[in-house]
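K.L.:
missing the sequence, but the structure's below:
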């Protein structure tokens, strides 16, 4: 009896493996984004996967002043509503779960886009970056210090729900 | 083995009384249904998103995150379905309980380490944007429910009769 018991368990897990295998190799193979280039030793990565596309507060400010960059706020919508970089679009990971976020329609794939979240330990900007890469976006930068640094520097802040 | 002492009718789960069976049915529907929902939302969201959720926990080696991102949602759906219908109830309940325990340990370690990460638990349903104490409470409830099915079997409304425990001991 114990043998049958364990056999059923193996069949159950085996079935799931087979479906997952078919999913992975036949139905929805994932195009892995190209690996990021190696980072010079000693570069602070803030605990995240090393990235070469992180930019500083000054660079972010310059991008904002230039008026040619798009900003993407990857934080939850409530935090976005409390305050965000003026003109930033709200695109968080949740939106990718529902399919392609409509906000992407406003972002040309070759645009210079700065993504930020809450700074520090927040992974949201990196996750949104990878999702946007999988939608064909090439020119993505991460404002590593995130909104807290922007706010602390007393740069302009806009409040309110996303209009999209 | 205890086959020698097995009674002529070993369909213990079918022998359970109606109240217990109804309770077990509810346990199966809630614990299994949550699993189906969780798995389906992960499948719908796509493997890339779930992979990133797994990475966020920083508990699994990088090479394993993609295989898990494909495998776990389907395992959830399949075992959840089996549990709800009462097919091989104890086996599916074992997988469901085991996964809930693993997920809960993962969540607890996230809280202990103070990481602010996306839970990925229910594909972002319930507006649960990051891991919090409520995630643990919710999982605790599900563990109790699926554990009941593991210990008591599926009850008389289960589709297949589960007659024995892994040890071969006949349940009453």
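P.N.:
Noted; the coordinates are in hand. Treat the numbers as computed from the prediction; the structure is a model and nothing was measured.

K.L.:
got the domain ranges for chain A?
P.N.:
A:1-31, A:54-152 (automatic domain parsing).

K.L.:
save those as JSON lines, and put in mean neighbour count and distance to residue B:105 too.
P.N.:
For glycine as for every other residue, the C-beta is placed from the backbone atoms N, C-alpha and C. Shown next, in JSON lines, are the domains of chain A (neighbours: other C-beta atoms under 10 Å in any protein chain shown; distance: least, C-beta to C-beta, whole Å):
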{"stretch": "domain A:1-31", "mean neighbour count": "14", "distance to residue B:105": "20"}
{"stretch": "domain A:54-152", "mean neighbour count": "19", "distance to residue B:105": "20"}
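
K.L.:
using a markdown table, lay out those domains together with mean pLDDT and distance to residue B:31.
P.N.:
Formatted as a markdown table, the domains of chain A follow (pLDDT from 0 to 100; distance: least, C-beta to C-beta, whole Å):
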| stretch | mean pLDDT | distance to residue B:31 |
| --- | --- | --- |
| domain A:1-31 | 88 | 15 |
| domain A:54-152 | 89 | 23 |
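
K.L.:
low-confidence stretches in chain B?
P.N.:
Within chain B, the stretches with pLDDT under 70 are B:1-14, B:116, B:118-130, B:162-172.

K.L.:
let's go with 50 and repeat that
P.N.:
B:1-10, B:166-172 (pLDDT under 50).

K.L.:
centre-most residue in it?
P.N.:
residue B:96 (2.1 Å; C-alpha atoms, centre = their mean).

K.L.:
show residues contacting stretch A:100-118.
P.N.:
Contact with stretch A:100-118 is made by A:55, A:60, A:63, A:68-75, A:79, A:85, A:88-91, A:95, A:123-125, A:128-129, A:132, A:135-143, A:146-148, A:150, A:162, A:164, B:116, as judged by C-beta atoms under 8 Å, 6 or more residues apart in numbering or on different chains.

K.L.:
mind putting the domains of chain A in a markdown table, distance to residue B:16 included?
P.N.:
As requested, these are exported to a markdown table (distance: least, C-beta to C-beta, whole Å):
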| stretch | distance to residue B:16 |
| --- | --- |
| domain A:1-31 | 19 |
| domain A:54-152 | 40 |
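
K.L.:
where's the residue sitting nearest the centre point of chain A relative to residue B:100, distance?
P.N.:
Among the residues of chain A, the one closest to the centroid is residue A:128, at 1.4 Å (C-alpha atoms, centre = their mean). Using C-beta to C-beta, to the nearest Å, residue A:128 is found at 29 Å from residue B:100.

K.L.:
let me know the helix or strand that the closest residue in space to residue B:32 that isn't next to it in sequence is in.
P.N.:
Using C-beta to C-beta, 6 or more residues apart in numbering or on different chains and skipping the chain neighbours, the partner closest in space to residue B:32 is residue B:83 (3.3 Å). Using DSSP states H and E, residue B:83 maps to helix B:62-85.
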